[in-house]
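Novice: just need the structure, nothing else, for what follows:
(chains A and B)
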Amino acid sequence: MDILKFLTAGSVDDGKSTLIGRLLYDSDSILLDQLEALQASNRKNDDGTIDLAILTDGLKAEREQGITIDVAYKYFQTDKRKFIIADTPGHIQYTRNMVTGASNANLAIILVDARKGVIEQTIRHSFLVSLLGIQQVVLAINKMDMVDYSEETYNKIVADYKVLAGKVGLKNVHYLPVSALKGDNIVNNSTNMPWYSGESLLHFLETVELAVDTSTEHARFPVQWVVRPQTDELHDYRGYAGRVSSGSFKVNDKVTVLPSGFTSTISKIEVFENEPEEATAGMSITMHLADEIDISRGDILVNSNYQPLVSQLIEADLCWMDTRALDTTHTYFIQHNSKVTRCKIQETLYKVNINTLEKESAEDFKLNDIGRIIIKTADPIAFDPYEENKANGGAIIIDSRTNVTVGAVMFRNVAD
Amino acid sequence: MSKHNQLDYLDQLEAEAIHILREVAGQFERPALLFSGGKDSITLVRLAEKAFRPGKFPFPLVHIDTGHNFVETIEYRDAMVKRLGERLIVGNVQDSIDQGKVVEQKGKNASRNALQTVTLLDTIAEHKFDACIGGARRDEEKARAKERIFSVRDEFGQWDPKRQRPELWDVYNGKIHKGENVRVFPISNWTELDVWNYIRRENIELPSIYFAHERDTIIRNGQLMAANEVLNMDADDVIERRTVRFRTVGDMTCTAAVASDAFLIDDIIDEISASKISERGARMDDKVSEAAMEDRKKGGYF
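Specialist: Here you go, the predicted structure:
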């Protein structure tokens, strides 16, 4: 069994809360306290059935209290797979929350209301999903019950969305006509849409292929910690602890330490008391090298034959996440995996209007703004373009005055 | 480009938690691991072994002792510390009471549960801890579902949902101002069932009170409590011997037992798997919902 992390994008009006509620309820995944709340509640739908949106009530309480609407994580499992839902708010003022939720997701469910079709927020959500590199998308065309389960309406929305998907660069889109309210095609196949022969949403989520890239081309290992017991019997033990962020390493592979450029060979891979021959993406390991070279936290080990880009001047996409606007004269910190160094945003090239996808001039970068910049770093950064290798292509900007995370950066290329 | 299937879910969760623990080691000067004697913090200790062995832990274990712990918990703690050869710091709620910093509750429902927070904050201040690793999980309650893995606390130890930092990919921002500290939750993405499955897979020893055993009990406010000297019992309390187990390990005054025949870890996993699948519309089994309540309480003060 493995884990699928998915994001849900849409607003309450699209029936997002009901969709999540329906998934949890129809798959018998409701937590006990929520079930109690559900039973105690007087909130009912018009036809007397219980209102499943209650299951995401955390968000409603937030709204009542006027606090920031945030990503909420929900957990459920079937006998096929474990699921982690990042339930993100869909409104434009919470763009940064959606970016946060999208950063860790393998798949996104984008909701549209069958009565409205592809609208401005669909463009925005699709753009953000593509920007954060989520390749697998489900377009859930919801409220089919409100359009008499019309195949024609469904086909029109699918055709419209194909144009949009092409524009924002989403390749794997799975289309699904659903009614979260009535339960059509969520967990159980609908009998109301005989023209649709595809699988239900849950079945799709259970079976969609989740492969990780374990190619040696992308073998990347950021060092987090150096294990040195310094005891009598382990006097010379020196292990580099970290997680393989992408690709795979084997014993005897030739590796290069960046940014220093020193090279050595892997003499041993340890996973606690085991010594596997190979370590693949996602594994937390301790690596040993044949030569004694200077390596510390913040360095990255890569396969010597396939090196990432190394630069102090990088072109990148930036999502600004702070209420205080970007200051191009200020020195920030940038954190890329275990590496932290100082940086300046040297130039802002353009911003993207995320509702229309048009490029605009970028005199300022305010909360939720997204666009292209050139970043200058104090130490060189060893990165891959985000679209080629997410795990080594993303970084955060930290404001040295407040210590708060103020920006998300997706590296694109070395700047000329 | 070669592609593989993802790691098994327990391997994924384990690797993520180890990564987080190593980030704590790398980013902080004076971290600590909060150890309660419960299964979640026992799991954290196991993960710390996997993250740092054959080296020493880069942090001490810190136990906030209410003085009302089950004797089995303290025995387990001391044996574990001895086996690990790691440092244990104990913050005693009794000391906070003696110093007049907190006042012991009176009456039948008196508990030292709420007093722990003061002792915890004092212990953090005394040792100048800048990061405290805890075993809280996001599936425990709604507020927890929104908490970051690196959760910044102000000088007063408070969590402010409005000031949460965006947390992207697996890049954790541990930069703080003097006086602040970070609570770190490496098993945020684990569910209760995941923890049990991991304990089974890793063959981790637990305090005996997690498993069904015979014990003198009373019923207090509809809950099964262990009859003992720290409960203010009176003539109304009828002591009865029952077969019970505890789903959480906390203060004896507020940790309820459940009637259970789960003598083995497989029985416990069956019991929990069953309780997660609710019969729609049906009344929940009382003993199970009591336990759920207990879980929530635990989330609240930690």
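Novice: give me the phi and psi for residue 153.
Specialist: No chain was given, so I picked chain A. Backbone torsions of residue A:153, given as degrees, to the nearest 10, read phi -60, psi -50.
Novice: actually chain B
Specialist: According to degrees, to the nearest 10, the main-chain angles of residue B:153 amount to phi -110, psi 140.
Novice: residue B:27 now?
Specialist: Here is the backbone geometry of residue B:27 (degrees, to the nearest 10): phi -100, psi -20.
Novice: can you tell me how far it is from residue A:177?
Specialist: Counting by CB to CB, to the nearest Å, the separation of residue B:27 from residue A:177 is 47 Å. In short, each C-beta sits where N, CA and C put it, glycine included.
Novice: need the contact list for the spatially most central residue of chain A.
Specialist: Computing the C-alpha centroid of chain A and ranking residues by CA atoms, centre = their mean puts residue A:103 first, at 2.3 Å. When contacts are counted by CB atoms under 8 Å, 6 or more residues apart in numbering or on different chains, residue A:103 is found next to A:132, A:394, A:408, B:168, B:169.
Novice: list the contacts of whichever strand or helix holds residue A:242.
Specialist: Under DSSP states H and E, the secondary-structure element containing residue A:242 is strand A:239-243. Outside of strand A:239-243, the residues that reach it under the criterion CB under 8 Å, 6+ apart are A:221-228, A:270, A:282-289, A:295, A:301, A:338, B:15, B:18-19, B:22, B:51-52, B:170.
Novice: same check on stretch A:116-131?
Specialist: Contacting residues not belonging to stretch A:116-131 are listed as A:7, A:9-11, A:90-92, A:95, A:98-99, A:102, A:108, A:110, A:112, A:137, A:153, A:156-157, A:160-161, A:164-165, A:168-170, A:317, A:319, A:352, A:354-357, A:370, A:410 [CB under 8 Å, 6+ apart].
Novice: which pLDDT value goes with the residue of chain A most remote from its centre?
Specialist: When distances to the mean C-alpha position of chain A are computed (CA atoms, centre = their mean), the maximum falls on residue A:232, with 45.0 Å. Reported pLDDT at residue A:232 in the predicted model: 86.
Novice: and it, which of the three is it?
Specialist: Three states are possible here, and by DSSP: H, G, I helix; E, B strand; the rest coil the one that applies to residue A:232 is coil.
Novice: how near is it to residue B:56?
Specialist: In terms of CB to CB, residue A:232 sits 14 Å off from residue B:56.
Novice: related to what we said a few turns ago, so which of the contacts of stretch A:116-131 are in strands?
Specialist: With strands defined by DSSP state E, the entries of the contacts of stretch A:116-131 inside them are A:7, A:9, A:108, A:110, A:112, A:137, A:317, A:319, A:352, A:370, A:410.
Novice: who does the third one bridge with?
Specialist: What it means is residue A:108. On the basis of DSSP bridges, residue A:108 is bridged to residue A:7, residue A:137.
Novice: how far away is it from residue A:306?
Specialist: When CB to CB is the yardstick, residue A:108 and residue A:306 sit 29 Å from each other.
Novice: more neighbours, those two?
Specialist: Ranked by neighbour count (other CB atoms under 10 Å in any protein chain shown), residue A:108 and residue A:306 place residue A:108 first, with 28 against 15.
Novice: so that one makes contact with residue A:7?
Specialist: Yes - under the contact definition of CB atoms under 8 Å, residue A:108 touches residue A:7, with a separation of 4.6 Å.
Novice: who touches both of these two?
Specialist: Shared contacts of residue A:108 and residue A:7, defined by CB under 8 Å, 6+ apart, are found at A:102, A:129, A:134.
Novice: out of those, which is nearest to residue B:116?
Specialist: Minimum distance to residue B:116 across the shared contacts of residue A:108 and residue A:7 is 37.8 Å, recorded for residue A:102 (CB to CB).
Novice: count of residues packed around the closest one?
Specialist: By other CB under 10 Å, the residues close to residue A:102 number 24.
Novice: quick one: contacts for it?
Specialist: Applying CB under 8 Å, 6+ apart, the residues near residue A:102 are A:7, A:86, A:88, A:108, A:128, A:129, A:132, A:134.
Novice: model confidence for it, exactly?
Specialist: 93.
Novice: state the distance from it to residue A:395.
Specialist: Going from residue A:102 to residue A:395 by CB to CB gives 16 Å.
Novice: quick one: low-confidence ranges for the stretch 151-300 of chain B?
Specialist: Confidence mapping of the stretch 151-300 of chain B against pLDDT under 70 gives the ranges B:162, B:275-300.
Novice: all helices of chain A, in order?
Specialist: Counting by DSSP state H, chain A has helices at residues A:16-26, A:32-40, A:57-65, A:95-103, A:120-131, A:151-168, A:201-207.
Novice: any residues touching the last one, and which ones?
Specialist: So that's helix A:201-207. When contacts are taken as CB under 8 Å, 6+ apart, the neighbours of helix A:201-207 outside the stretch itself are A:4, A:6, A:23, A:26-27, A:78, A:80-81, A:83, A:107, A:109, A:138, A:140, A:174, A:176, A:178, A:185-187, A:198-199.
Novice: so which of these are in strands?
Specialist: Counting by DSSP E, the contacts of helix A:201-207 contribute A:4, A:6, A:81, A:83, A:107, A:109, A:138, A:140, A:174, A:176 to strands.
Novice: the fourth one: neighbouring residues, count only.
Specialist: By that I understand residue A:83. By the other CB under 10 Å criterion, the neighbourhood of residue A:83 contains 22 residues.
Novice: check contacts around it.
Specialist: Counted by CB under 8 Å, 6+ apart, residue A:83 has contacts A:3, A:4, A:5, A:6, A:75, A:76, A:77, A:205.
Novice: do the third one as well
Specialist: Shown here is residue A:81, whose contacts under the criterion CB under 8 Å, 6+ apart are A:1, A:2, A:3, A:4, A:205, A:206.
Novice: which of the residues you listed sit farthest apart?
Specialist: By the measure CB to CB, A:1 and A:205 form the most distant pair in these, at 13.4 Å.
Novice: more neighbours: which of the two?
Specialist: Between residue A:1 and residue A:205, counted using other CB under 10 Å, the more crowded position is residue A:205 (22 against 13).
Novice: that one and residue A:2: what is the separation?
Specialist: Distance of residue A:205 to residue A:2, given as CB to CB: 12 Å.
Novice: and for residue A:383?
Specialist: Separation of residue A:383 from residue A:2 (CB to CB) stands at 28 Å.
Novice: what does the stretch 101-250 of chain A have sitting close to chain B?
Specialist: Applying CB under 8 Å from any CB of the partner chain, we find that the stretch 101-250 of chain A lies next to chain B at A:103-104, A:210-217, A:224-225, A:227-229, A:231, A:234, A:237, A:241-243, A:248.
Novice: buried ones only from those, please, as a ChimeraX command.
Specialist: Buried members of those can be picked out in ChimeraX with the line below, counting by 16 or more other CB atoms under 10 Å in any protein chain shown:
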select /A:103,104,210,212,213,214,215,216,217,224,225,227,229,241,242,243,248
